[in-house]
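Colleague: One predicted model, sequence on top.
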Amino acid sequence: MTTLETVVVTARRGVRIVQFGPLRISYDQRVLEPRPWTALQSRWANQLIGTAAPGPVLELCSGAGQIGLLAVHGTDRRLVAVDANPVASAFHRINARAAGLEDQVEVRTSYLTDACAEDELFPMILADPPWVLRSQVDRFPDDPVRAIDGGEDGLDVARQCIDVINRHLDDDGVALVQVGDGPQVQQLADALPYGLVATEHRAEPGRGAVVKVVATEPRQRRLTGRGSGARG
Ligand SMILES: C[S@@+](CC[C@H](N)C(=O)[O-])C[C@H]1O[C@@H](n2cnc3c(N)ncnc32)[C@H](O)[C@@H]1O
């Protein structure tokens, strides 16, 4: 079937295809090239999905879609994927279709802070924000700046993801957040709001890390804060 996305994407030269686990992922230079090590995040999510509460998986900063698609591959979970780049969304839809997952996947082209309705809740949230320090973005001339620029300390968009996670992670939910390795793991853990705790991280040395964040308080208490309503 020829769709608008297919036309937009294939009308340009330079569409590349990479294998990501069992999935064939299409992309071009307008989105971040899939990084093989990030399959770690997908596989971890895929394991956790088995025991997660019912409901869809939310993926923030999804790019061409490979991390979320591999996470839900082989399960019947719905995936809601969010990226601000419309080209990324187009590739995501194409890649979902190629994986036979189009009926499970909803792609939203949106800034992550605006992507979810107030009352939308997810038992699992994945986040793959840009995390390169702005001062080091020039070291990666082949990567689209908006896909890698994490601001001064590399965590500007990651902090936005944590805010979305706090508002939309269901009670007893779990999130997997990608950051750079080293200090960013601790910085992220230290910055978590009341009711969210980092319990574990898995790293690919020299590449990046994935931090597991769990909700230790019901959403209502997380949002109202430690003091108010705590005795209710
Ligand atoms: C590090 S890339 C990850 C892409 C993909 N998950 C991957 O691993 O290839 C970050 C993605 O976040 C998107 N992004 C950056 N800031 C965003 C924001 N404020 N809201 C939504 N998406 C954003 C970029 O367009 C980019 O696709």
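Modeller: Perfect, thanks for sending it.

Colleague: shaky segments in this protein?
Modeller: Filtered on pLDDT under 70, the chain yields the residue ranges 1-13, 226-232.

Colleague: Walking through it, point out its strands one by one.
Modeller: Counting by DSSP state E, the chain has strands at residues 16-20, 23-27, 57-60, 79-83, 105-109, 122-127, 169-179, 196-204, 208-215.

Colleague: Contacts for the shortest one, please.
Modeller: If you take Cβ atoms under 8 Å, 6 or more residues apart in numbering as the criterion, strand 57-60 is touched by 45, 49, 67-68, 71-72, 77-82, 112, 115-116, 120, 122-129, 161, 164, 168. Quick note: C-beta positions are derived from backbone N, CA and C, even for glycine.

Colleague: Checking it against the ligand, do any of its residues make contact.
Modeller: No - Strand 57-60 is not in contact with the ligand by Cβ under 6 Å from any ligand atom; minimum separation 6.7 Å.

Colleague: And the residue of the protein closest to the ligand?
Modeller: In the chain, the residue that lies nearest the ligand is G63 (2.5 Å; Cβ to the nearest ligand atom).

Colleague: how much space is there between that residue and A127?
Modeller: Look at G63 and A127: by Cβ to Cβ, to the nearest Å, they are 12 Å apart.

Colleague: The residue lying closest to A209 once chain neighbours are set aside - how many residues pack around it?
Modeller: Of all residues not flanking A209 in the chain, A203 sits nearest, at 3.9 Å (Cβ to Cβ, 6 or more residues apart in numbering). Neighbours of A203 under the rule other Cβ atoms under 10 Å: 17.

Colleague: what does L188 give?
Modeller: 25.

Colleague: Give me the most central residue, this protein.
Modeller: A127 (2.6 Å; Cα atoms, centre = their mean).

Colleague: partners of it in the sheet?
Modeller: Here A127 sits in beta bridges with L60, V177, going by DSSP bridges.

Colleague: hmm, back to that, doesn't G180 make contact with the residue nearest to A209?
Modeller: No - taking Cβ atoms under 8 Å as the definition, A203 is not a contact partner of G180, at 9.5 Å.

Colleague: Now for those two: what residues contact both?
Modeller: A209.

Colleague: how about stretch 84-104: buried residues?
Modeller: Buried residues in stretch 84-104, counted by 16 or more other Cβ atoms under 10 Å: 84-85, 87-99, 101, 104.

Colleague: Kindly report the same for stretch 43-50.
Modeller: For stretch 43-50, by 16+ other Cβ under 10 Å, it's W44, A45, N46, L48, I49.

Colleague: Could you list which of those residues belong to helices?
Modeller: Members of the buried residues of stretch 43-50 lying in helices (criterion: DSSP state H): W44, A45, N46, L48, I49.

Colleague: And for G206, the neighbour number?
Modeller: A count of nearby residues for G206, using other Cβ under 10 Å, gives 8.

Colleague: so how far is stretch 86-104 off the chain centroid?
Modeller: Counting by Cα atoms, centre = their mean, to the nearest Å, stretch 86-104 is centred 15 Å from the centre of its parent chain.

Colleague: oh, I was asking about stretch 155-168
Modeller: Put simply, stretch 155-168 sits 11 Å off its chain's centre (Cα atoms, centre = their mean).

Colleague: Helices along this structure, start to end?
Modeller: 4-10, 39-49, 66-72, 86-98, 145-148, 156-168, 183-190, 219-224.
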